[in-house]
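>>> return a 3D structure for these sequence lines:
(2 chains)
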2 protein chains.
Amino acid sequence: MTLEVIEVGPRDGLQNEPVPVPTDAKIAYLEALVAAGVRRIEAVSFVHPGRVPQMADAERVMARAPRVPGLRYAGLVLNERGLDRALETGVDEVNVVVVATETFSLRNQGMPVERAVETFGAVAARARAAGLGVTLTVGAAFGCPFEGEVDPGQVAELVARCPEAQEVALADTIGVGTPADVRRLTAAVREVTAAPLRFHFHNTRSTGYANAVAALEAGAAALDASAGGIGGCPFAPEATGNIATEDLVYLLERMGVRTGIALPAVAGAGLAIGRSLGKEVPAQLGRVAAWPP
Amino acid sequence: MTLEVIEVGPRDGLQNEPVPVPTDAKIAYLEALVAAGVRRIEAVSFVHPGRVPQMADAERVMARAPRVPGLRYAGLVLNERGLDRALETGVDEVNVVVVATETFSLRNQGMPVERAVETFGAVAARARAAGLGVTLTVGAAFGCPFEGEVDPGQVAELVARCPEAQEVALADTIGVGTPADVRRLTAAVREVTAAPLRFHFHNTRSTGYANAVAALEAGAAALDASAGGIGGCPFAPEATGNIATEDLVYLLERMGVRTGIALPAVAGAGLAIGRSLGKEVPAQLGRVAAWPP
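Numbering: from 1, shown residues only, chains lettered A, B, ... in the order given. The predicted model follows:
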């Protein structure tokens, strides 16, 4: 059994960190990840640099990102302007976010859900025409910080309106989901799409790894994780990191699921980015001895 | 559906903390836990005070521990001398540890496994004659820091040799297990005992909560947890805390499993013991807003 682990530390991990990370350190992070065997990386976000200063060097990062056969880079895109930048920088795929609730959609990307769905269609068509892979990520799919509970049927309905997606990612943006939610949401979304399912978990309430196992067993094709488990912001104590790549790889490999990622190497990448950020990362595998000894 | 959550913070959580916690703070911790609805607490350990100084006030703690109807206190016991103390202090049950491997048994309780099994039999007989509940905890049931992998058959064989146990607890003492291990071990142990199964997880490698869900779904009757997720020692970076009661209660309740424990109250108990220890606790529920909002 195999599962694709998609590294999102360079994008979702770093974008929430208040300490500016120099381009050199980002390249070192990417190099360490690739050396560890990671073959799909969400490396940058093409959003307005005024909104996410940490991602302002997206073009410079992509120009210097290491390349090996079979390695694919994704960029996050919220609108056509972002797509223009993505097309120029040579990413292999775009990850386009549509948020499940109106309030969060307005705050996250400044447009109502209806227009985000239209934008997704336009971006996806252009990206596919240019030969890029297209992922639809449904943000706040497990709950919204403003509107509260999100019905799985509402998420499924949104997915159904985005048939151009080659992959559907369900994001627990604020880390409230449990395995029961993963199963319910998977069942609802499976009714409207045959696209490979990908999940994006944050460990805000300690449910992230349990959710990862539930997703695996519900048939997920891919899981997002960030080496180091980085993310979160000291000014917003509730924004915590993605599940950590090294901890996820330990869990999966020990359950007999192959990821292609070397544990000590990816744990080293997590520790190194922690040094760049000047903090101890949430990932635990970098702090413990190899198992079995 | 219900699951019994057994609070082990006052014993397993505190015993590994290097900061001495005054008896008053321990009583406040117990009072907060009881007020939150916890009804089974492993409150003390009857081991030599020279070995575990944090537990030296076991008699004073039990003399002042709050009592409400339906509340049971357990004490950890490793030998007959410990049982003598337990019988005098008025705990309701004893938790007797037998370690799965020779090396760890010698280091943990100074006797080979064979003698630990004999000791268990003698302690259990006397405790049951005195009307106390008897739990067998198999330490290092998921792996041994000295001998490495532990075969589930070896654990089952050990459990079979302790038929006096009214409850069998399987402890992942060093936090290496995964859901696949939980399922294998449960199947092996179920072949030799009909006693209720209880699990004890440490979150050392981020697998603790996934293991909790696996144990629940494999038919566990009870799970250990510590409010605050306390435990571990700054001088031994690999010794980390139990899964946190508040995070476990969030996970279980949101999956539709009733625990009888009030979330904000138990999260408050975790934050309070963190203040006594002068550190930020690993539990996450004390740091986030209520969900749903």
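>>> tell me the mean pLDDT over stretch A:218-228?
For stretch A:218-228, mean pLDDT is 98.
>>> hmm, I typed the wrong one, I wanted stretch A:106-124.
Summarised as a single mean, pLDDT over stretch A:106-124 is 95.
>>> does chain B sit close to it?
No: using CB under 8 Å from any CB of the partner chain, stretch A:106-124 never reaches chain B; the gap is at least 14.8 Å. The way it works is simple: take the backbone N, C-alpha and C, and place the C-beta from them, glycine included.
>>> need the three-state assignment for A:Pro20.
Classification of A:Pro20 using DSSP: H, G, I helix; E, B strand; the rest coil returns coil.
>>> which one is it nearest to, not counting chain neighbours?
A:Gln54 (6.6 Å; CB to CB, 6 or more residues apart in numbering or on different chains).
>>> please name the residues that touch the one you found.
Counting by CB atoms under 8 Å, 6 or more residues apart in numbering or on different chains, A:Gln54 touches A:Leu14, A:Gln15, A:Asn16, A:Glu17, A:Pro20, A:Val21.
>>> can I have the buried ones of these as a ChimeraX selection?
Entered in ChimeraX, the line below selects the buried ones among the contacts of A:Gln54, by 16 or more other CB atoms under 10 Å in any protein chain shown:
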select /A:14,15,16,17,21
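>>> what's the farthest-apart pair in the contacts of A:Gln54?
Greatest spatial distance in the contacts of A:Gln54: A:Asn16 and A:Pro20, 12.6 Å, computed using CB to CB.
>>> quick one, phi psi at A:Ile273?
phi -70, psi -30 (degrees, to the nearest 10).
>>> can you count the residues close to it?
Counted with other CB atoms under 10 Å in any protein chain shown, the neighbours of A:Ile273 add up to 28.
>>> got a pLDDT number for it?
pLDDT, A:Ile273: 96.
>>> tell me who's in contact with it.
A:Gly9, A:Gly13, A:Leu14, A:Val21, A:Ala25, A:Tyr29, A:Ala227, A:Gly228, A:Ile230, A:Val281.
>>> for whichever residue of the stretch 1-150 of chain A sits closest to chain B, list each beta-bridge partner.
Per CB to the nearest CB, A:Gly148 is where the stretch 1-150 of chain A lies closest to chain B, at 4.4 Å. When bridges are called by DSSP bridges, A:Gly148 pairs up with A:Cys144.
>>> that one against B:Ala289, yeah?
No: taking contacts as CB atoms under 8 Å, A:Gly148 lies outside contact range of B:Ala289: 11.1 Å.
>>> dump the contacts of A:Ile273 to TSV, plus distance to B:Leu136.
Conversion of the contacts of A:Ile273 to TSV gives the following (distance: CB to CB, whole Å):
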residue	distance to B:Leu136
A:Gly9	43
A:Gly13	43
A:Leu14	48
A:Val21	51
A:Ala25	51
A:Tyr29	47
A:Ala227	40
A:Gly228	39
A:Ile230	42
A:Val281	38
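>>> for A:Asp181, helix, strand, or coil?
Here A:Asp181 takes the helix state, with states given by three-state DSSP.
>>> thought B:Arg254 was touching it, still the case?
Yes: shown here, A:Asp181 and B:Arg254 form a contact pair, counting by CB under 8 Å, at 7.5 Å.
>>> more neighbours: these two, which one.
Using other CB under 10 Å as the criterion, A:Asp181 and B:Arg254 rank with A:Asp181 on top: 23 against 19.
>>> how about the contacts made by that one?
A:Phe142, A:Pro152, A:Asp172, A:Asn211, B:Arg254.
>>> how about a cut-off of 7 Å?
With contact taken as CB atoms under 7 Å, 6 or more residues apart in numbering or on different chains, A:Asp181 is in contact with A:Phe142.
>>> what residues does chain A put near chain B?
Counting by CB under 7 Å from any CB of the partner chain, chain A comes close to chain B at A:143, A:148-149, A:176, A:178-180, A:204-207, A:209-210, A:213, A:237-238, A:244, A:247, A:250-251, A:254-256, A:284-285, A:287-289, A:291-293.
>>> if any of those residues are buried, put those into a PyMOL selection.
Typed into PyMOL, the next command selects the buried ones out of the residues of chain A next to chain B (criterion: 16+ other CB under 10 Å):
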select buried, chain A and resi 143+176+178+179+180+204+205+206+207+209+210+213+238+244+247+250+251+254+255+284+285+287+288+291
